[in-house]
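1. Starting from these lines, generate the structure:
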Amino acid sequence: MESYLLEFCNLLLRWLHVIAAIAWIGESIYFVMLDNSLTRPQGIQDQRYDLLGEMSSVHGGGFYHNQKYLSRPPFPLDDKLHWSFWKSYTTWLSGFFLFCLLYLSNASIYLVNPASPWAWAAVLTPTEASIAAVALLIFGWLIYDELCRRISPEMQRDGILSVAVALMMTGVAYFSSHVFQGRAAFLLTGAVMATCMSANVFFWIIPGQRRMVAALQAEESPNPLDGKRGKQRSVHNTYFTLPVVFLMISNHYAFAYSNETAWFIMTLFILAGALIRQYFVLRHRGHNVLTLPAASGILLLVIAMIAAPSSTPAAQEEQKPTTGSISSTMPTSNDMRAVTNILHERCTTCHAAKPTQAGFTAPPAGIRLDNDLDIRLHHIKIKQAVASKYMPLANLTKMSDEERLLISQWQP
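-> Model (predicted):
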């Protein structure tokens, strides 16, 4: 019962995270659309107010007329004023708690990367890997914030800043994919972006808006930099949105994060997401720039080519053990019993009706490998996961290259 309650709490926390994220992203995309769809006000304007633009729309069986004022709005700034921040905080907090529950509490399985090409990373303990993961989130935000402060403090060099932020995220992708396991690397890169997004709201957007409201209530002129800085960080958030969404669901696609060039694949996905978002931003302004989705499609095609598994006979021949090696007596690839024995020895600590591996109360993804029927049912996923070296996680059960070759050539 205790295991069931833990799993059910996990489900509720994940659901909360998804609900809050959808609400935050939906509201953010709506306001970006509204901001980019404003047109110059028509007719004589009341000079007491500084109406920047307006938009008319139809939706849900009715008509709307939205107006934006930079300051001095013609309505009271009271308790009815809508603020957008709780959805952001709830998304980040629920996501961090999920990360603690799933990754930090099982760091030896999900974070530690003994196959890291960096010697110091390959020998990290679970505790050290957990500290490194949290530190990446903190320093990711600090570096991003420092870039914004130094490169474009008054929003005069935002183009250069955008390039700097893109290079920073490429560095995060490279670092995370060399230190942590693939799935965690993708998730952590997305988490760095999500942390920057939520921190933008907490440290810059909302405080600036509060100062503007306080100044207007005191019948003073608000500092225009507060509005400009809030707009700058909001723009960054909107371009982070689609890459973050992809990175958060990337754990379903081992072909991407188990690849030797995972950091490059990750970078291309981030760029593709930003290009798609730019297309919609310009579309709201009345510009249908089809080269943007086309460029994104090309990037996705490049990813497909890079991530594609090598299945040519020549490639398989190169993997065959030499005569006289310990595996020269391995059974043929059609030997079901040989494959079953390997899976039972290397995989059923997790993929069984009752897993013995700490941290698991049920077989991951519902896949059981403790019987022939389920092994045959999932044979395609088994071959893909084993051949890509995604499974076993961190190779904790020491599956050999010869065993991987046998399973990858197995024809059930």
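2. For the stretch 251-400 of the chain, which residues score under the pLDDT cut-off?
-> Where the stretch 251-400 of the chain drops to pLDDT under 70, the residues are 310-334, 358-359, 394.
3. quick one: the helices in it?
-> 254-257, 262-284, 291-307, 313-319, 336-346, 372-377, 379-387 (DSSP state H, counting those that start in this stretch).
4. Out of the ones you listed, which is closest to residue 110?
-> Residue 110 sits nearest to helix 254-257 of all the helices of the stretch 251-400 of the chain, at 11.8 Å, using Cβ to Cβ. The way it works is simple: take the backbone N, C-alpha and C, and place the C-beta from them, glycine included.
5. Summarise which helices and strands the closest one is packed against.
-> Other elements packing on helix 254-257 under the criterion 3 or more Cβ pairs under 8 Å, 6 or more residues apart in numbering; DSSP states H and E are helix 182-200, helix 262-284, helix 291-307, helix 379-387.
6. Residue 54 is nearest to which of the ones you listed?
-> helix 262-284 (14.3 Å).
7. Of the helices and strands packed on helix 254-257, which is nearest residue 159?
-> Between residue 159 and those, the shortest separation by Cβ to Cβ is 13.0 Å, and it involves helix 262-284.
8. angle of the closest one against helix 182-200?
-> Put simply, helix 262-284 runs at 40 degrees to helix 182-200, going by axes from the mean of the first three to the mean of the last three Cα atoms, to 10 degrees.
9. For helix 262-284, what is the distance to the chain centroid?
-> In terms of Cα atoms, centre = their mean, to the nearest Å, the centre of helix 262-284 is set 13 Å apart from its chain centre.
10. List the buried residues in that helix.
-> The neighbour-count check on helix 262-284 (16 or more other Cβ atoms under 10 Å) flags 262-281, 284 as buried.
11. quick one, longest helix in this protein?
-> If you go by DSSP state H, the chain has its longest helix at helix 2-36.
12. Let's test this: mean pLDDT of the next helix or strand after that one, rounded?
-> Sequence-wise, the next helix or strand downstream of helix 2-36 (DSSP states H and E) is strand 51-59. Summarised as a single mean, pLDDT over strand 51-59 is 93.
13. Ok, stretch 12-19 next?
-> For stretch 12-19, mean pLDDT is 95.
14. Touching that stretch from outside, list them.
-> With Cβ atoms under 8 Å, 6 or more residues apart in numbering as the contact definition, stretch 12-19 has outside contacts at 90-91, 94-95, 97-98, 101.
15. which among those end up buried?
-> Listed as buried from the contacts of stretch 12-19 are 90-91, 94-95, 98, 101; burial here means 16+ other Cβ under 10 Å.
16. Make CSV from those and add distance to residue 14, secondary structure and pLDDT to it.
-> Putting the buried ones among the contacts of stretch 12-19 into CSV (distance: Cβ to Cβ, whole Å; DSSP: H, G, I helix; E, B strand; the rest coil; pLDDT from 0 to 100) gives the following:
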residue, distance to residue 14, secondary structure, pLDDT
90, 13, helix, 97
91, 12, helix, 97
94, 8, helix, 96
95, 9, helix, 96
98, 6, helix, 93
101, 9, helix, 88
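17. Just the closest of these to residue 344, please.
-> Minimum distance to residue 344 across the buried ones among the contacts of stretch 12-19 is 28.9 Å, recorded for residue 101 (Cβ to Cβ).
18. So, low pLDDT: which residues of the stretch 101-250 of the chain?
-> For the stretch 101-250 of the chain (pLDDT under 70), the answer is none.
19. Farthest from the middle of the chain: give me that residue.
-> Within the chain, residue 44 marks the point farthest from the mean C-alpha position, 47.5 Å out by Cα atoms, centre = their mean.
20. which stretch among the helices of the stretch 251-400 of the chain comes nearest residue 158?
-> Taking Cβ to Cβ, helix 262-284 is the member of the helices of the stretch 251-400 of the chain nearest to residue 158, at 13.9 Å.
21. So which elements touch the closest one?
-> Helices and strands touching helix 262-284, by 3+ Cβ pairs under 8 Å, 6+ apart, are helix 2-36, helix 158-179, helix 182-200, helix 224-249, helix 254-257, helix 291-307.
22. Just the angle for that helix relative to helix 2-36, thanks.
-> Going by the same axes, to 10 degrees, helix 262-284 makes 40 degrees with helix 2-36.
23. how much does helix 262-284 deviate in direction from helix 224-249?
-> Going by the same axes, to 10 degrees, helix 262-284 makes 130 degrees with helix 224-249.
24. Compute the inter-axis angle for helix 262-284 and strand 51-59.
-> Helix 262-284 and strand 51-59 are oriented at 90 degrees to each other (the same axes, to 10 degrees).
25. Who are the contact partners of the spatially closest residue to residue 295 that is not a sequence neighbour?
-> Excluding the flanking residues, the one nearest residue 295 by Cβ to Cβ, 6 or more residues apart in numbering is residue 275, at 5.5 Å. Residue 275 sits next to 292-293, 295-296, 299 when contact means Cβ under 8 Å, 6+ apart.
26. ok, now with 7 Å
-> If you count contacts by Cβ atoms under 7 Å, 6 or more residues apart in numbering, residue 275 has them with 292, 295-296.
27. Could you count how many residues lie near the nearest residue to residue 396 once chain neighbours are set aside?
-> Distances taken as Cβ to Cβ, 6+ apart put residue 109 closest to residue 396, at 6.9 Å, once the chain neighbours are dropped. Here the number of neighbours of residue 109 (other Cβ atoms under 10 Å) works out to 22.
28. element containing residue 109?
-> Residue 109 is located in helix 107-110, with elements delineated by DSSP H and E.
29. same for that helix, what does it pack against?
-> Packed against helix 107-110 by the contact rule (3 or more Cβ pairs under 7 Å, 6 or more residues apart in numbering; DSSP states H and E) you find helix 126-151.
30. quick check: angle from the helix it packs on to helix 224-249?
-> Here helix 126-151 points in a direction 150 degrees away from that of helix 224-249 (the same axes, to 10 degrees).
31. and the angle for helix 126-151 with helix 158-179?
-> 170 degrees.
32. who does helix 126-151 touch, helix- and strand-wise?
-> Using 3+ Cβ pairs under 7 Å, 6+ apart: helix 126-151 touches helix 107-110, helix 158-179, helix 182-200.
33. re earlier: list of residues touching the helix holding residue 109?
-> Identification of contacts with helix 107-110 by Cβ under 7 Å, 6+ apart yields 103, 126, 129-130, 181, 183-184, 359, 393-394, 396.
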